[in-house]
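# Quick one: sequence plus predicted model below, questions after.
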Amino acid sequence: MKIPSVPAVALVLLAVGAPVANSADPVPAASAAARPPSAARGRKLYMTVGCVHCHGSEGQGSTAGAKLAPDPLSAEAIAAFIRTPNTQMPAYSAAVLGDADVADIAAFLRSLRPPKAADDIPALRALKAAP
């Protein structure tokens with residue numbers, strides 16, 4: 001009998017809404033609510049819970065997920081959406097991604113800078129000027 005890998009088991013648990021220990025958040029839930037949002041922790045969560053796969057590493061969006069940054073929604077709006085999405089996005093219950101985790105992800109998204117304009121990138125400016 002082949003035993004599934006740990007990531008495969010975690011994905012199944014996430015899909016059915018089962019609580020899964022969050023390796024990116026070792027802080028107990030009681031003290032997590034008391035801590036201020038952290039962009040660094042939010043980046044770790046964003047990269048590990050699956051956001052990056054559809055929304056891109058900089059929140060730029062893709063054909064699979066909406067653009068999240070710059071100018072992200074508030075943590076409360078993000079939480080409301082991910083709990084009951086109206087798209088093909090899987091739901092993330094509070095047991096899987098708590099409000100403090102969502103606040104961290106929102107802090108990460110707020111920390112992302114807008115991309116440079118094409119005219120501010122020398123190689124693109126040169127291409128634009130070429131006949």
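Looks like it arrived, so ask away.

# count of residues packed around Met89?
Neighbour count for Met89, taken as other Cβ atoms under 10 Å: 16. Quick note: C-beta positions are derived from backbone N, CA and C, even for glycine.

# I misspoke; the intended subject was Ala66.
Neighbours of Ala66 using other Cβ under 10 Å come to 12.

# Now that it has come up, it's in contact with Cys51, right?
No. Look at Ala66 against Cys51 with Cβ atoms under 8 Å: they stay out of range, at 10.9 Å.

# Identify the contacts common to these two.
Shared contacts of Ala66 and Cys51 (Cβ atoms under 8 Å, 6 or more residues apart in numbering): none.

# which residues of the protein score low on pLDDT?
By pLDDT under 70, the low-scoring segments of the chain are 1-33.

# can we see that at 90?
Filtered on pLDDT under 90, the chain yields the residue ranges 1-34, 115-116, 118, 125, 128-131.

# in this protein, which helix has the most residues?
Using DSSP state H to define each element, the chain has its longest helix at helix 99-111.

# from the chain's centre, how far out does the following helix or strand past that helix sit?
Toward the C-terminus, helix 99-111 is succeeded by helix 122-129 as the next helix or strand (DSSP states H and E). Mean C-alpha position of helix 122-129 versus that of the full chain (Cα atoms, centre = their mean, to the nearest Å) differs by 33 Å.

# again, but for stretch 34-51
The answer for stretch 34-51 is 8 Å, by Cα atoms, centre = their mean.

# Which residues in it does the neighbour count mark as buried?
Neighbour counts over stretch 34-51 (16 or more other Cβ atoms under 10 Å) mark Pro37, Ser38, Ala39, Arg41, Gly42, Arg43, Lys44, Leu45, Tyr46, Val49, Gly50, Cys51 as buried.

# Start and end of that stretch, how far apart?
This stretch, stretch 34-51, spans 24 Å end to end (Cα to Cα, to the nearest Å).

# Helices of this structure, start to end?
In the chain, the segments counted as helices under DSSP H are 6-15, 29-32, 39-48, 51-55, 75-83, 99-111, 122-129.
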